[in-house]
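[1] model the structure of this input:
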Amino acid sequence: MKRRMRIYGVLIGLAPVLLHRMAHACAVCLNGAGGERLTDAFNWSVLFLMAMPYTILFSVIGFFFYSYRRAAKKARGETEKGTPLHLAWIHKESGR
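    Prediction:
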(Lines give C-alpha, C1' and ligand atoms only; values in the text may rest on other atoms or scores of the structure.)
Protein backbone atom coordinates (compact mmCIF):
# COMPACT_ATOMS: atom_id res chain seq x y z
CA MET A 1 0.00 0.00 0.00
CA LYS A 2 2.82 2.40 0.88
CA ARG A 3 4.61 1.62 -2.36
CA ARG A 4 1.46 2.24 -4.40
CA MET A 5 0.96 5.63 -2.72
CA ARG A 6 4.55 6.61 -3.53
CA ILE A 7 4.07 5.64 -7.18
CA TYR A 8 0.86 7.68 -7.37
CA GLY A 9 2.59 10.63 -5.72
CA VAL A 10 5.48 10.51 -8.19
CA LEU A 11 3.10 10.22 -11.16
CA ILE A 12 1.03 13.14 -9.96
CA GLY A 13 4.19 15.16 -9.38
CA LEU A 14 5.57 14.39 -12.83
CA ALA A 15 2.27 14.81 -14.69
CA PRO A 16 2.80 18.52 -15.53
CA VAL A 17 6.29 17.75 -16.85
CA LEU A 18 5.23 14.74 -18.88
CA LEU A 19 2.01 16.28 -20.19
CA HIS A 20 3.23 19.85 -20.72
CA ARG A 21 1.51 20.19 -24.11
CA MET A 22 -1.90 19.75 -22.49
CA ALA A 23 -1.12 22.11 -19.61
CA HIS A 24 -1.59 25.40 -21.46
CA ALA A 25 -3.40 28.30 -19.87
CA CYS A 26 -6.97 28.98 -20.87
CA ALA A 27 -7.68 31.61 -23.52
CA VAL A 28 -8.83 34.15 -20.94
CA CYS A 29 -5.67 33.86 -18.84
CA LEU A 30 -3.43 33.95 -21.89
CA ASN A 31 -5.03 37.10 -23.30
CA GLY A 32 -5.28 38.79 -19.92
CA ALA A 33 -1.57 39.61 -19.90
CA GLY A 34 -1.91 42.40 -22.45
CA GLY A 35 -2.34 46.07 -21.66
CA GLU A 36 -5.53 46.61 -23.65
CA ARG A 37 -8.41 48.43 -22.03
CA LEU A 38 -10.81 45.54 -22.46
CA THR A 39 -8.51 43.02 -20.81
CA ASP A 40 -7.74 45.43 -17.98
CA ALA A 41 -11.47 45.96 -17.42
CA PHE A 42 -12.01 42.22 -17.41
CA ASN A 43 -9.24 41.71 -14.86
CA TRP A 44 -10.67 44.43 -12.58
CA SER A 45 -14.14 42.92 -12.81
CA VAL A 46 -12.75 39.53 -11.76
CA LEU A 47 -10.99 41.19 -8.83
CA PHE A 48 -14.21 42.85 -7.65
CA LEU A 49 -16.18 39.62 -8.04
CA MET A 50 -13.59 37.78 -5.94
CA ALA A 51 -13.53 40.49 -3.25
CA MET A 52 -17.31 40.83 -2.87
CA PRO A 53 -17.93 37.71 -0.71
CA TYR A 54 -15.21 38.79 1.72
CA THR A 55 -16.62 42.31 1.86
CA ILE A 56 -20.09 41.01 2.68
CA LEU A 57 -18.75 38.53 5.24
CA PHE A 58 -16.67 41.11 7.09
CA SER A 59 -19.54 43.61 7.00
CA VAL A 60 -21.84 41.10 8.71
CA ILE A 61 -19.14 40.21 11.25
CA GLY A 62 -18.54 43.90 11.91
CA PHE A 63 -22.25 44.51 12.46
CA PHE A 64 -22.47 41.70 15.01
CA PHE A 65 -19.30 42.92 16.74
CA TYR A 66 -20.70 46.46 16.93
CA SER A 67 -24.04 45.18 18.27
CA TYR A 68 -22.31 43.06 20.90
CA ARG A 69 -20.15 45.96 22.06
CA ARG A 70 -23.15 48.29 22.21
CA ALA A 71 -25.16 45.77 24.24
CA ALA A 72 -22.24 45.25 26.62
CA LYS A 73 -21.94 49.00 27.08
CA LYS A 74 -25.65 49.28 27.94
CA ALA A 75 -25.37 46.35 30.35
CA ARG A 76 -22.59 48.15 32.23
CA GLY A 77 -24.86 51.15 32.58
CA GLU A 78 -22.98 53.52 30.35
CA THR A 79 -25.03 55.94 28.33
CA GLU A 80 -24.64 56.47 24.63
CA LYS A 81 -23.65 60.10 25.12
CA GLY A 82 -21.11 59.33 27.80
CA THR A 83 -19.47 61.93 29.95
CA PRO A 84 -18.29 65.14 28.35
CA LEU A 85 -14.64 65.34 27.54
CA HIS A 86 -12.78 67.34 30.17
CA LEU A 87 -9.67 68.93 28.83
CA ALA A 88 -6.73 69.83 30.96
CA TRP A 89 -7.30 73.35 32.24
CA ILE A 90 -4.32 75.35 33.33
CA HIS A 91 -5.38 78.53 35.13
CA LYS A 92 -2.14 80.38 34.41
CA GLU A 93 -2.66 80.09 30.64
CA SER A 94 -6.38 80.89 30.65
CA GLY A 95 -5.97 84.37 32.09
CA ARG A 96 -8.74 83.94 34.66
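[2] can you give me the helices for the protein?
    All helices of the chain, identified by DSSP state H, fall at 2-18, 27-31, 37-75, 91-94.
[3] which stretch in the ones you listed has the least confidence?
    For the helices of the chain, mean pLDDT drops lowest on helix 27-31, to a mean of 58.
[4] one step back: can I get the helices of the chain in JSON lines including mean neighbour count?
    Yep, even glycine has a C-beta here, placed from its N, CA and C like the rest. Converted to JSON lines, the helices of the chain look like this (neighbours: other Cβ atoms under 10 Å):
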{"stretch": "helix 2-18", "mean neighbour count": "9"}
{"stretch": "helix 27-31", "mean neighbour count": "10"}
{"stretch": "helix 37-75", "mean neighbour count": "10"}
{"stretch": "helix 91-94", "mean neighbour count": "7"}
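[5] measure residue 74 to residue 68 for me?
    11 Å (Cβ to Cβ, to the nearest Å).
[6] hmm, I was thinking of residue 40
    Using Cβ to Cβ, we find residue 40 at a distance of 42 Å from residue 68.
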